[in-house]
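1. Got a predicted model here, sequence first, then my questions.
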Amino acid sequence: MSAIVKAIRIHSHGGPEVLRWEDVEIAPPGPGEARVRHTAIALNFSDINIRRGGFYQKDPLPMPLIPGNEAAGVVTSVGEGVRDVKPGDRVGYVGVGAGFFAKTGAYALERNVPATRLVHLPDGVADIEAAAMMLKGLTASNIVNKIYRPAPGDHVLIHAAASGVGLILTQWCAHFGAVVIGTVGNAEKARVAREHGAAHTILYRETDFVPAVKAIVPQGVRAVLDGVGKDTFEKSMDCAAPFATLVNYGNASGHVPPIDIMQLSLKGTLSMWRPGVSHFLGDPERFKTLCAELFDLVQKGVLRNLAARTYPLAEAARAHADAERALFAGPVVLLP
Ligand SMILES: NC(=O)c1ccc[n+]([C@@H]2O[C@H](COP(=O)([O-])OP(=O)(O)OC[C@H]3O[C@@H](n4cnc5c(N)ncnc54)[C@H](OP(=O)(O)O)[C@@H]3O)[C@@H](O)[C@H]2O)c1
């Protein structure tokens with residue numbers, strides 16, 4: 001039987017005020033689907049970009065639209081042919097298949113999800129923690145497992161080190177023995193970044209980070225991990241040691257302007273990456289393997305204090321407004 005549940009929807013792109021708390025109808029789970037009652041829903045920066053509009057979308061998204069790609073919850077019923085999960089299972093998911101940014105819908109009390117996209121949450125990983133760290137952790141995993149893994153003693157510059165992804169990268173790189181230099185927007189974020197393993201912090205809104213980094217490591221850093229984008233990426237080349245790796249994984253301040261490839265030679269034979277997690281989320285088994293690694297790191301205490309700043313789901317507009325103003329450190333989770 002169909003059910004009516006509360007959800008946050010947008011009817012047009014715009015500011016946080018377009019997020020509305022409404023009734024929506026959901027069908028019973030179809031073949032291969034599970035109905036999940038959400039207990040914790042991630043706020044990701046991509047949700048803000050989807051809400052604003054124009055984010056990697058060639059075609060307009062169908063409206064009204066329920067934002068959100070990531071949540072944790074409990075399976076309440078399953079459709080035909082589902083064997084991997086059963087009612088009562090504690091689960092999480094990131095995206096529901098191809099078309100990551102088109103197939104949103106997590107900002108709702110309940111949702112039908114293809115069962116193959118669900119990962120079981122182990123004991124020792126709370127629902128809020130899972131929602132706070134799956135996508136952000138997979139973003140960090142993509143970097144440290146596929147692009148650049150710090151060697152002990154490597155200096156690594158992490159921009160917005162106290163952000164959702166930044167705190168995971170900071171902890172993970174420090175775990176590998178890297179000397180993390182974190183840029184941060186305010187003194188409280190500096191404290192949080194240091195508490196999570198940053199050896200140095202730079203208040204990059206009031207201090208030019210290039211000379212500040214060079215004062216710490218005159219030969220330059222081995223890698224730059226940057227989710228800020230427009231305001232930081234190009235300048236970061238001047239912080240890099242020869243043969244360093246520059247990773248732009250996000251655009252919180254806007255897209256990085258086009259870069260002349262010759263700059264990679266002139267600034268010291270640099271390599272540059274622009275990863276995106278949605279590519280490897282297409283394979284459910286790979287998703288589960290990578291989540292298992294993340295959950296293991298949480299259980300071992302390598303990734304810690306991931307319990308996020310929370311807001312009621314109904315107040316998603318306030319959560320978006322605060323995130324856009326970059327007021328607070330760490331990830332944000334919406335609670336149904
Ligand atoms: N490549 C991928 O697959 C992938 C996956 C996940 C996330 N991302 C992207 O990675 C970026 C960071 O994600 P996150 O979850 O860490 O985000 P977040 O927790 O919301 O943090 C973003 C941080 O960026 C800094 N910032 C600088 N300029 C900003 C501006 N104009 N507006 C807002 N924030 C600004 C702020 O830190 P300070 O105050 O310290 O400056 C802010 O806290 C986003 O662009 C996101 O879309 C990419």
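-> All right, it came through fine.
2. for the helix or strand hosting I128, packing partners?
-> With elements delineated by DSSP states H and E, I128 resides in helix 127-142, which encompasses its position. Secondary structure elements in contact with helix 127-142, counted by 3 or more Cβ pairs under 8 Å, 6 or more residues apart in numbering; DSSP states H and E, are strand 33-43, strand 70-78, strand 90-94, helix 164-175, helix 278-281, helix 284-299, strand 332-335. Every C-beta, even on glycine, is put in place using the N, C-alpha and C of the backbone.
3. Show me what from the stretch 101-250 of the chain comes close to the ligand.
-> 135-136, 139, 160, 162-166, 184-185, 189, 227-228, 231, 249-250 (Cβ under 6 Å from any ligand atom).
4. quick one, domains of the chain?
-> Annotated domains of the chain cover 3-126+307-335, 136-273 [automatic domain parsing].
5. out of the ones you listed, which comes closest to F287?
-> F287 sits nearest to domain 3-126+307-335 of all these, at 6.8 Å, using Cβ to Cβ.
6. Figure out how far stretch 59-79 is from the centre of its chain.
-> Centroid separation between stretch 59-79 and its chain, computed with Cα atoms, centre = their mean, to the nearest Å, is 17 Å.
7. Quick one: end-to-end length of it, please.
-> Length of stretch 59-79, first residue to last, Cα to Cα, to the nearest Å: 31 Å.
8. Does it reach the ligand?
-> No: Stretch 59-79 lies out of reach of the ligand by Cβ under 6 Å from any ligand atom, never closer than 9.7 Å.
9. Quick one: mean pLDDT for that stretch?
-> Per-residue pLDDT values across stretch 59-79 average out to 95.
10. isn't there a helix covering D47?
-> Yes: if the criterion is DSSP: H, G, I helix; E, B strand; the rest coil, then D47 is within a helix.
11. What is the burial count for it?
-> Residues contacting D47 under the criterion other Cβ atoms under 10 Å number 28.
12. I'd guessed T139 sits against N248; true?
-> No: the pair T139 and N248 does not pass the contact test of Cβ atoms under 8 Å, sitting 11.8 Å apart.
13. in the stretch 101-250 of the chain, which spans are strands?
-> Chain-ordered strands for the stretch 101-250 of the chain, with DSSP state E, counting those that start in this stretch as the definition, fall at 110-114, 119-120, 155-158, 179-184, 200-203, 221-226, 240-248.
14. Can I get those strands in CSV including mean pLDDT and distance to L19?
-> Supplementary listing: these in CSV, determined by pLDDT from 0 to 100; distance: least, Cβ to Cβ, whole Å:
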stretch, mean pLDDT, distance to L19
strand 110-114, 97, 17
strand 119-120, 98, 27
strand 155-158, 98, 30
strand 179-184, 98, 28
strand 200-203, 98, 31
strand 221-226, 98, 28
strand 240-248, 98, 28
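15. could the ones you listed go into JSON lines alongside mean neighbour count?
-> JSON lines is the format used below for those (neighbours: other Cβ atoms under 10 Å):
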{"stretch": "strand 110-114", "mean neighbour count": "22"}
{"stretch": "strand 119-120", "mean neighbour count": "20"}
{"stretch": "strand 155-158", "mean neighbour count": "27"}
{"stretch": "strand 179-184", "mean neighbour count": "27"}
{"stretch": "strand 200-203", "mean neighbour count": "21"}
{"stretch": "strand 221-226", "mean neighbour count": "27"}
{"stretch": "strand 240-248", "mean neighbour count": "20"}
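16. got TSV for the ones you listed, with distance to F101 too?
-> Output for the strands of the stretch 101-250 of the chain, formatted as TSV (distance: least, Cβ to Cβ, whole Å):
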stretch	distance to F101
strand 110-114	16
strand 119-120	20
strand 155-158	25
strand 179-184	27
strand 200-203	32
strand 221-226	21
strand 240-248	18
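17. out of those strands, nearest to A321?
-> The nearest among those, by Cβ to Cβ, is strand 179-184 at 20.5 Å.
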